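A.B. asks: give me a model of this one.
(one chain, ligands or ions: 1)
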Amino acid sequence: MQNTLIYLFLGLILASCGPKKAPQNDPRFNSLKIQFQAEAAARGVEVSDGELSIPISFGNAGLENDGVCTVPGMGKNAFSAAANTLFNRDNFERKFIKINPSILEKDLFYIEAVVFHELAHCLFGRDHTDSKSLMNESQENNTDYPLKRTLYLDELFGMDTNFLEFGRLNFCPIVDDELEPIEEASYEAFGRELSHSLFKPSETRDQFCVLVELK
Ligand SMILES: [Zn+2]
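C.D. replies: Predicted coordinates for the structure are as follows:
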């Protein structure tokens, strides 16, 4: 009888402390993942399909958090120096990302910024910074992200970045004499569309400009 109780007790401990499973990937995040991989590749950074298989799902990401990069049973950010020793880039398959469903109230630029932020935690081990960056703790601080997306992504993927690089960067006039954008991104996620194009100065415009469309 005593043994039975001990085994029951051990069983309960193991059941509560055993490895919990990562949630299933929500395929609605896949186009954002593919865009992350494409933006990385455009900047000479390879993100493998294996790394990209990291599960992303909606769930409780912690109080007032838009998202979290974590590991089963940890319940909090897994990007600290200690956590990255245990769960470094080679152990990406143990990590997963949870996104607070409340971000669906925001536009696709905001959603992209949150998902890219968490992917950079999980896949690159990037920590938070107070500097101008998608790794700033709150995307509320990055209100110029739609305008300066190119520069934010340069910074995210480890390039030397000067946020004044394109001068007084502004949104393009609605009617313009544009040729081809020098950089362009366009994709769908959550039934919405995002497009972002960067144009160099023209005969009628002496500054770089950005055309943004959200549908
Ligand atoms: Zn973070």
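A.B. asks: contact partners of stretch 128-135?
C.D. replies: Residues outside stretch 128-135 that contact it (Cβ atoms under 8 Å, 6 or more residues apart in numbering) are 113, 116-117, 120, 126-127, 136-137, 142, 145, 152-153, 155-156, 163. Yep, even glycine has a C-beta here, placed from its N, CA and C like the rest.
A.B. asks: and it, which residues are buried?
C.D. replies: 132, 133, 134, 135 (16 or more other Cβ atoms under 10 Å).
A.B. asks: stretch 154-168 too?
C.D. replies: 154, 155, 156, 157, 161, 166.
A.B. asks: lowest-confidence entry in the residues you listed?
C.D. replies: Among these, residue 166 has the lowest pLDDT, at 85.
A.B. asks: which residues touch it?
C.D. replies: By Cβ under 8 Å, 6+ apart, residue 166 lies in contact with 150, 151, 198, 207, 208.
A.B. asks: and for the first one, the neighbour number?
C.D. replies: Meaning residue 150. Number of residues near residue 150 (other Cβ atoms under 10 Å) recorded here: 22.
A.B. asks: would you double-check that it falls in a helix?
C.D. replies: Yes: assigned with DSSP: H, G, I helix; E, B strand; the rest coil, residue 150 falls within a helix.
A.B. asks: phi and psi next, for the closest residue to residue 135 other than its chain neighbours.
C.D. replies: Using Cβ to Cβ, 6 or more residues apart in numbering and skipping the chain neighbours, the partner closest in space to residue 135 is residue 129 (4.9 Å). The phi/psi pair for residue 129 (degrees, to the nearest 10) reads phi -140, psi 150.
A.B. asks: and residue 63, by the same measure?
C.D. replies: phi -60, psi 130.
A.B. asks: what ranges do the strands span in the protein?
C.D. replies: Here the chain has its strands, by DSSP state E, at 56-58, 67-70, 96-99, 170-171, 183-189, 192-199, 209-214.
A.B. asks: show me the contacts for residue 187.
C.D. replies: When contacts are counted by Cβ under 8 Å, 6+ apart, residue 187 is found next to 31, 32, 34, 35, 193, 194.
A.B. asks: what do you get if the cut-off is 10 Å, keeping everything else the same?
C.D. replies: Contacts for residue 187 (Cβ atoms under 10 Å, 6 or more residues apart in numbering) come out as 31, 32, 34, 35, 38, 108, 112, 193, 194, 195, 196.
A.B. asks: of the buried residues of stretch 128-135, just say which sits nearest to residue 100.
C.D. replies: Nearest to residue 100 among those, counting by Cβ to Cβ, is residue 134 at 16.7 Å.
A.B. asks: still on that earlier bit, ok, so of the buried residues of stretch 128-135, who is nearest residue 95?
C.D. replies: Nearest member of the buried residues of stretch 128-135 to residue 95, counting by Cβ to Cβ, is residue 135, at 16.5 Å.
A.B. asks: relative to residue 47, how far out is the closest one?
C.D. replies: As judged by Cβ to Cβ, to the nearest Å, residue 135 and residue 47 stand 16 Å apart.
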